[in-house]
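Q: Sequence first, predicted model second:
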Amino acid sequence: MKIIIHGRKISKGTGEGIALVSRSAISFFGGFDPKSGLMIEKGHELEGMSVKGKVLVFPYGRGSTAGSWILYAMAEYGTAPSAIINVQTEPIVAVGAIVSGIPLIDKPEQNLFDSINTGDWVKVNADEGLIEIGQNNRI
């Protein structure tokens with residue numbers, strides 16, 4: 001079964017992969033090791049998990065403006081997510097995604113956490129404001 005959700009384009013492009021979902025806000029500065037793509041924030045629900053090539057789903061960003069540059073460094077190291085979906089994108093994540101060329105959508109028309117689970121296959125077409133959710137690595 002395929003689910004389609006519409007949202008608002010923040011950063012252009014398309015990306016797809018296995019979803020990695022966090023119900024908690026994310027700080028890229030201090031939250032990720034850019035060389036490995038691993039979440040290093042102690043106690044975060046994604047601690048120890050890699051975002052490399054995944055569709056990262058989280059409510060919103062938090063923390064220092066340096067987070068934009070951590071996301072950019074992750075793109076340069078090849079450890080960045082393939083796309084990002086937020087409930088509400090704030091400027092730190094928006095700037096990081098734009099300068100890194102990571103597709104980003106926010107303001108989905110339905111609750112992300114009722115629709116996307118870690119492990120679902122997700123395709124983001126930010127140019128069209130579309131999120132497609134499938135299962136078993138298929139859309």
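A: It's in.

Q: could you dump the strand ranked longest in the chain to CSV, C-alpha only?
A: Assignment by DSSP state E gives strand 14-21 as the longest strand of the chain. The C-alpha trace of strand 14-21 is given here as CSV (Å, rounded to 0.1, in the frame of the first residue of the first chain):
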residue,chain,number,x,y,z
THR,A,14,14.3,14.4,-4.8
GLY,A,15,15.6,11.7,-2.5
GLU,A,16,14.5,8.3,-1.2
GLY,A,17,15.5,5.7,1.2
ILE,A,18,14.6,3.9,4.4
ALA,A,19,12.9,6.3,6.9
LEU,A,20,14.6,7.1,10.2
VAL,A,21,12.0,8.7,12.4
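
Q: Which neighbouring elements make contact with that strand?
A: strand 55-58, strand 83-86, strand 121-125 (3 or more C-beta pairs under 8 Å, 6 or more residues apart in numbering; DSSP states H and E). All C-beta atoms are positioned from the backbone trio N, CA, C, and that covers glycine.

Q: partner strands of the last one, parallel or antiparallel?
A: It stands for strand 121-125. The strands that strand 121-125 pairs with in its sheet are strand 14-21 (antiparallel), strand 130-134 (antiparallel) (by DSSP bridges).
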